[in-house]
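Participant: just need the structure, nothing else, for what follows:
(one chain, ligands or ions: 1)
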Amino acid sequence: MKLDEAVMIAVNESHQSNAKYHLGAVIYSANKFVTGHIRNLHCTHQRNATPMNSVHAEEMAIQRALRIEMNLNNSTMVVVRINNSGMFRCSYPCDECRRLINSVGIRTVYYCK
Ligand SMILES: [Zn+2]
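Facilitator: I've put the predicted structure just below:
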């Protein structure tokens, strides 16, 4: 898979997000890919909402990859964040996702800048 194809897939996946920011992720290797998006697990007006109340796009993609026993060694992850007008916005991994990404062996990670 080429990087621009992966970006398009991540953008499509970001439309599944139910959070304020639309984030989509794709992990791909030689012959497989999985996707994930950010999903809030609570109402957004809940007073003490924290990032822990959501599944991050990276986390969902990794969970899906592990479920199908995809080999993540040397795989590539692309994460995009899109605003309501469909424009790319910058994003970066939270500490939790960074740890997770490192622990499963994903080699290369792209975020939009
Ligand atoms: Zn995260």
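
Participant: partner strands of the lowest-mean-pLDDT helix or strand in the chain and their direction?
Facilitator: Ranked by mean pLDDT, DSSP states H and E, the weakest helix or strand in the chain is strand 39-40, scoring a mean of 86. The strands that strand 39-40 pairs with in its sheet are strand 54-55 (antiparallel) (by DSSP bridges).

Participant: the partner strand and the ion, any residue contact?
Facilitator: No. Strand 54-55 does not reach the ion (Cβ under 5 Å from the ion); its nearest approach is 8.5 Å. (Each C-beta comes from the backbone N, C-alpha and C, glycine too.)

Participant: tell me which element A30 falls in.
Facilitator: Counting by DSSP states H and E, no helix or strand carries A30.

Participant: separation between it and D95?
Facilitator: 30 Å (Cβ to Cβ, to the nearest Å).

Participant: N18 now?
Facilitator: On the measure of Cβ to Cβ, N18 and D95 end up 23 Å apart.

Participant: between the two, who's got more neighbours?
Facilitator: Under the criterion of other Cβ atoms under 10 Å, the comparison of N18 against D95 puts N18 first, with 12 against 8.

Participant: and the helices in the chain?
Facilitator: Here the chain has its helices, by DSSP state H, at 3-14, 57-67, 95-104.

Participant: quick one: mean pLDDT over the longest one.
Facilitator: To tie it back to what came earlier, the one meant is helix 3-14. Average pLDDT, helix 3-14: 96.

Participant: who are the packing partners of it?
Facilitator: strand 22-28, strand 33-37, strand 76-82, strand 108-111 (3 or more Cβ pairs under 8 Å, 6 or more residues apart in numbering; DSSP states H and E).

Participant: before we move on, what about the shortest one?
Facilitator: In this structure, helix 95-104 makes packing contacts with helix 57-67, judged by 3+ Cβ pairs under 8 Å, 6+ apart.

Participant: name the residues of the protein found near the ion, please.
Facilitator: Within the chain, the residues that sit near the ion (Cβ under 5 Å from the ion) are 56, 94, 97.

Participant: which residues does the first one contact?
Facilitator: Listed by Cβ atoms under 8 Å, 6 or more residues apart in numbering, the contact set of H56 reads 23, 36, 38, 94, 96-97.
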